[in-house]
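> pasted the sequence and its predicted model underneath.
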Amino acid sequence: MKVLIADKFEQSGTDGLKAAGCEVVSDPDLHDDALRDAIAATGADVLVVRGTKVTAAMLDAGRLSLIVRAGAGYNTIDVPAASKRGIYVSNCPGKNAIAVAELAFALMLAIDRRVPDNVAELRAGKWNKKEYSKARGLFGKTLGLLGVGNIGQEMIRRAGGFGLNVVIWSRRFAGQRRPLADHEARELGVESALRQVAIEIEPTPADVAARADILSLHLALGPETRGLVNAGVLGRLKPGAVLINTARGEVVDEAAVASAVRERGLRVGLDVFAQEPAGATGEFVGELASLPGVYGTHHIGASTEQAQEAIAAETVRIIRTFKETGRVPNVVNLAKRTPATHMLVVRHRDRPGVLAHVFDHLRSANLNVQETENIVFDGAEAAVARINLDGEPSSGVCAQIKGGNENVLDLQVVSLPAKGGSSA
């Protein structure tokens, strides 16, 4: 199996892929037309990327079977195009969660104590203790979290140590206002934090903003979250509140943020921007980043050695599993429900040609197979095939299948739930 790495990637990951028997081609500077050409020239089976964009044209250029995002978010990959071509897309969720949470807290502290401004004046030869001894402090304040996935959960764990109260909004709790229950805290893995601080659920992002002294964003980018933090949400924040975004730049309305900075004293820490340079270095022009009261970093949330080593190990695990079993861990583009309406269960002797016989009759009846699995019993004498179909096979088709091959022992037609087939 040939793997093309088109981004910065840890040496431990490259070594792990080679140890798994993969042929590895690595060029961290590939992007745009150069990446398309490399996919075609190498004939790679697997593509590994971090922030590099992957387009439909690139997918058409070669014979990729799998794209691995060496990180969590995968909005830079044309996932619908991959799905149309039967190409798996996988990611490494949670492996950079601690690193991103650490940066979010670094930004909070930097804003409260104005650390960058302190450093700038000291480097300029100025001593101004009178000015920089002014700070509000974090203890006892309320941290509002939009999103309680892997990173949000790490934020909650750290909030206890800082003595912060926590209010949260998540799509899993949408529309609810109540304390987080003990069993929910256990499911999220934050039960220890629940004993340290109050954690409460709010029904909308705006309701979280209304209670928060610090609003921190930990949402994946999608149609429902693009521009979610808009003027309406920002308007509910207290004057002088803090906004932290280490998620995706497009989650916020940057023009509305700039207005809130100018007009309401909003203090902001950003690791992400809606318009970022395509490469690791380049010119950057961003009005928001230049405003007083806005502290920015260079989309480095996941960029600790610990996080990158963990992501590299997970990338190797995904590719090794695919190579050895054909299965893909963490795949993000399988249908949660197929269009299947009926399941044909065929009990048969484990002999050559039995399933071909079944599929021939299904094809003649214009029935499309959505999913199938064949389970072999001990001794490899018999098996049961479960075949999900987009329609109901007639009694005549069933009779032809059962009577046309002596190795078909029995069959049954099962109606699937109205919404479709089994979960992927």
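Arrived safely.

> rest of the way, CA atoms for contacts and neighbours
Will do.

> where does the stretch 251-400 of the chain have low pLDDT?
Along the stretch 251-400 of the chain, no part satisfies pLDDT under 70.

> what ranges does it have for its strands?
267-270, 294-296, 342-349, 369-376, 382-389 (DSSP state E, counting those that start in this stretch).

> so how far is the second one from its chain's centroid?
Just to be clear, that refers to strand 294-296. Put simply, strand 294-296 sits 25 Å off its chain's centre (CA atoms, centre = their mean, to the nearest Å).

> so who does the closest residue to Ser303 other than its chain neighbours touch?
Nearest residue to Ser303 in three dimensions, chain neighbours excluded: Ala99, at 7.2 Å (CA to CA, 6 or more residues apart in numbering). Counting by CA atoms under 8 Å, 6 or more residues apart in numbering, Ala99 makes contact with Gly301, Ala302, Ser303, Thr304, Gln306, Ala307.

> which helix or strand contains Ala99?
For Ala99, the element it lies in under DSSP states H and E is helix 97-113.

> report the backbone C-alpha coordinates of that helix in CSV.
Taking Å, rounded to 0.1, in the frame of the first residue of the first chain, the C-alpha atoms of helix 97-113 are listed here in CSV:
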residue,chain,number,x,y,z
ALA,A,97,-7.8,18.1,22.6
ILE,A,98,-5.5,18.8,25.5
ALA,A,99,-3.2,20.9,23.4
VAL,A,100,-6.1,23.1,22.1
ALA,A,101,-7.5,23.5,25.7
GLU,A,102,-4.1,24.5,26.9
LEU,A,103,-3.8,27.2,24.3
ALA,A,104,-7.4,28.4,25.1
PHE,A,105,-6.4,28.9,28.7
ALA,A,106,-3.1,30.6,27.6
LEU,A,107,-5.1,33.1,25.6
MET,A,108,-7.5,33.7,28.6
LEU,A,109,-4.5,34.4,30.9
ALA,A,110,-2.7,36.5,28.3
ILE,A,111,-5.8,38.7,27.8
ASP,A,112,-6.4,39.1,31.6
ARG,A,113,-2.8,39.9,32.4
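
> and the average pLDDT for the helix or strand just after that helix is what?
Once helix 97-113 ends, the next helix or strand along the chain (criterion: DSSP H and E) is helix 115-123. For helix 115-123, mean pLDDT is 96.

> how about stretch 186-204?
Averaged across stretch 186-204, pLDDT comes to 88.

> okay, the angle between the helix holding Ala99 and helix 115-123?
60 degrees (axes from the mean of the first three to the mean of the last three CA atoms, to 10 degrees).

> buried set for helix 97-113?
Of all the residues in helix 97-113, those buried under the rule 16 or more other CA atoms under 10 Å are 97-105, 107-113.

> if we can go back for a sec, need the max-distance pair from the contacts of Ala99.
Gly301 and Gln306 (11.9 Å; CA to CA).

> mind checking which of those two has more residues around it?
Gly301 (22 against 13; other CA atoms under 10 Å).

> domain-wise, how is the protein divided?
Here the domain parsing of the chain from automatic domain parsing is 2-95+306-325, 97-301, 342-415.

> out of these, which is closest to Val332?
Of those, nearest to Val332 by CA to CA is domain 2-95+306-325, at 5.7 Å.

> how long is that closest one end to end?
16 Å (CA to CA, to the nearest Å).

> if we can go back for a sec, could you identify which of the strands of the stretch 251-400 of the chain is most buried?
strand 267-270 (a mean of 26; mean count of other CA atoms under 10 Å).

> how near is the residue nearest to Ser303 to Leu215?
Distance from Ala99 to Leu215, by CA to CA: 18 Å.

> thought Gln308 was touching Ile98?
No - Gln308 is not in contact with Ile98 according to CA atoms under 8 Å; the separation is 11.4 Å.

> if you count neighbours, what's buried in the lengthiest helix in the chain?
The longest helix of the chain (DSSP state H) is helix 305-325. Using 16+ other CA under 10 Å as the test for burial, helix 305-325 gives 307-320, 322-323.

> cool, stretch 228-239 as well?
For stretch 228-239, the neighbour count (16+ other CA under 10 Å) marks Leu228, Val229, Asn230, Ala231, Val233, Leu234, Gly235, Arg236, Leu237, Lys238, Pro239 as buried.

> and the third one, how far from Glu314?
Right, the one you point to is Asn230. Asn230 is 35 Å from Glu314, by CA to CA.

> next: the first one.
When CA to CA is the yardstick, Leu228 and Glu314 sit 31 Å from each other.

> got it, and the last one?
With the distance defined as CA to CA, Pro239 ends up 43 Å from Glu314.

> what sits up against stretch 166-173?
So stretch 166-173 is contacted by 142-148, 156, 159, 197-205, 208, 211-212 (CA under 8 Å, 6+ apart).

> just the mean pLDDT for it, thanks.
In this model, stretch 166-173 has a mean pLDDT of 94.

> can you mark which positions in that stretch are buried?
Val166, Val167, Ile168, Trp169, Ser170, Phe173.

> and stretch 151-165, by the same measure?
151-160, 162-165.

> between which two of those residues is the distance greatest?
Ile151 and Gly163 (18.5 Å).

> tell me which element Asp15 falls in.
Going by DSSP H and E, Asp15 is part of helix 11-19.

> let's see that helix as CSV, backbone CA atoms only.
This file holds the C-alpha atoms of helix 11-19, laid out as CSV (Å, rounded to 0.1, in the frame of the first residue of the first chain):
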residue,chain,number,x,y,z
GLN,A,11,9.0,11.1,11.8
SER,A,12,7.6,8.6,14.3
GLY,A,13,4.5,8.4,12.1
THR,A,14,6.5,7.9,8.9
ASP,A,15,8.5,5.2,10.6
GLY,A,16,5.4,3.5,11.8
LEU,A,17,3.9,3.4,8.4
LYS,A,18,7.0,1.9,6.9
ALA,A,19,7.1,-0.7,9.7
